[in-house]
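1. got a sequence here, can you model it:
(chains A and B)
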Amino acid sequence: MRDTHRLMGFISRGFKGRRRDTASSSRLPPGQYLVNDFPVLSAGPTPRPNLDQWSFSIEGEIDEPKRWTWKELLALPSDTVTKDIHCVTKWSKFDTTWKGVSLDTLMEGVETAAEYITAFCDGGYTTNLPLEDVMDGKAWVAYEFDGQPLHPEHGGPARLLVPHLYFWKSAKWVRGIKLEKEQQPGFWESNGYHLYGDPWREQRYWGD
Amino acid sequence: MARAALLGRLSWQFGELVELVHETPRVSSLYFNIPMWPGHLAGQHVDVRLTAEDGYQAERSYSIASPPEARWVALTVERLDDGEVSPYLVGELKVGDKVELRGPIGGHFVWRAGDDRPLLLVAGGSGVVPLMAMLRHRATAPHKAPARLLYSSRALADIIYREEIDRLVAANDGLLVSHTLTREKPAGWSGYTRRIDAAMVKEVAWPKAQTPAVFVCGPTPFVETAADLLVGLEYDPLWIKTERFGATGGAGGG
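-> I've put the predicted structure just below:
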């Protein structure tokens, strides 16, 4: 399958590699390898916001922007989901368990002409997604990992969780989403990374 | 290299190993001749792909150690005993062998010599690799921003590029280097001998009034600590660019 991608039948002399069982191979997107720890990738220092002043907002193409305080967010109906996650830097981690609020819950009753969103975060990070990729049970604002409050290094107090796309789309330290008619490239998307980021199509970089 | 990346897809291409330099017992620099290399910026990384006889492939990312001006693209790789790719690159691969590469990747953790802000580089272990590309790039520049490197290693023998760093300092062109060793205190050692801490960062870092450009690279706990200490000096978080790596020693978790 994937050997069709190599250049002219190229073989790395003497390379054997670490074999995986077939079951885990079928869950691993191309070019990824499985880890058991949880590596961290971020572009700057870890923000540590004051929860008393924290809020999550929906802005942009919406008649009345919506806003929840930390306490209000925690009071919303939540889901606990177990998902495989895939980082563009090549690691994947299976069966990660998260608790958070579905974007469907947050978007309930919202009328919008938007087709895209930009998630915005403490520290200035942004990432863009098609609206349909965060609806219908595909995305959450997650605040617990493995039954514990989400650690700041991993995006706590809350991060976006969009497990079907490369993990940079699951924006850490998320503070809200802006509904947009046009797609605006976010932070990594402006720095060489793919606009959409489907791990199964190995959409890592511009042009993939 | 935004311009090259804008031209389209980052294609896989062959790099031929032309030189192998043993930097430390665990770390080697691999110099590749990549005929169609589009050029890169100091701080960027590259993806490496290996293919076994049965078609099985493994990909990892590695920071580029060579400056944009260099003829060959150098990767400096730490061999991890439980790694899948690094023991092959540092151990199996011989001069004349090829690997598949694509890049350069990353437009954030980059430094251009035209940036005249004071430069602060903070390295933990093999996190020095992309920072070395910046120092090598700086060494070729006509106008050199003042620069400081704080470099934490386990022991004297683990310091990557030690002699070259000494030579860069000896050029006396505004580069100051502070080493710290976390697991050894060699006789006659004049550097620090402890983990990075607030007092050390305060001594080495530029005063915040000088609004430095800051690059921090190393294992995640090191980067977390260093970045927090710099924020503690009231550095604007937006001045601080970080790159963290996990267990496999590539750039950014790879």
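2. drop to CA atoms for contacts and neighbour counts, all remaining ones
-> Noted.
3. near chain A, which residues of the stretch 1-150 of chain B are found?
-> B:2, B:5-6, B:8-10, B:12-13, B:50-53, B:55-61, B:84-85, B:88, B:92, B:97-100, B:105-109 (CA under 8 Å from any CA of the partner chain).
4. restricted to buried residues, select the residues you listed in PyMOL.
-> The PyMOL selection below is limited to those of these classed as buried (16 or more other CA atoms under 10 Å in any protein chain shown):
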select buried, chain B and resi 2+5+10+12+13+50+51+52+55+56+57+58+59+60+61+84+85+88+98+99+100+105+106+107+108+109
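5. what helix or strand is the residue of chain A found nearest chain B located in?
-> Per CA to the nearest CA, residue A:207 is where chain A lies closest to chain B, at 4.0 Å. Applying DSSP states H and E as the criterion places residue A:207 outside every helix and strand.
6. residue contacts, the residue lying closest to it once chain neighbours are set aside?
-> Excluding the flanking residues, the one nearest residue A:207 by CA to CA, 6 or more residues apart in numbering or on different chains is residue B:9, at 4.0 Å. Residues near residue B:9 by CA atoms under 8 Å, 6 or more residues apart in numbering or on different chains: A:205-208.
7. drop anything exposed from those residues.
-> By 16+ other CA under 10 Å, the contacts of residue B:9 give A:205-208 as buried.
8. I'd like these written out as CSV, with pLDDT added.
-> Formatted as CSV, the buried ones among the contacts of residue B:9 follow (pLDDT from 0 to 100):
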residue, pLDDT
A:205, 94
A:206, 91
A:207, 89
A:208, 92
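9. want to try TSV for those, with distance to residue B:207 as columns?
-> Formatted as TSV, the buried ones among the contacts of residue B:9 follow (distance: CA to CA, whole Å):
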residue	distance to residue B:207
A:205	37
A:206	38
A:207	42
A:208	43
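10. residues of chain A that sit close to chain B?
-> Counting by CA under 8 Å from any CA, chain A sits next to chain B at A:2-3, A:6-7, A:10-18, A:31-33, A:39-46, A:89-91, A:123, A:153, A:188, A:190-193, A:205-208.
11. strands - which of these land there?
-> Among the residues of chain A next to chain B, the ones falling in strands (DSSP state E) are A:33, A:91.
12. are any of the residues of chain A next to chain B buried, and which?
-> Among those, the ones that count as buried by 16+ other CA under 10 Å are A:3, A:6, A:10-13, A:15-17, A:31-33, A:39-46, A:89-91, A:123, A:153, A:188, A:190-193, A:205-208.
13. re the thing from before, residue A:194 is in contact with the residue of chain A closest to chain B, correct?
-> Yes. Contact criterion CA atoms under 8 Å: residue A:207 and residue A:194 qualify, at 7.2 Å.
14. quick one, phi psi at the residue of the stretch 101-250 of chain B at minimum distance from chain A?
-> Residue nearest to chain A within the stretch 101-250 of chain B: residue B:107 (4.4 Å; CA to the nearest CA). The phi/psi pair for residue B:107 (degrees, to the nearest 10) reads phi -120, psi 10.
15. what about the residue nearest to residue A:207, which helix or strand?
-> Using DSSP H and E, no helix or strand contains residue B:9.
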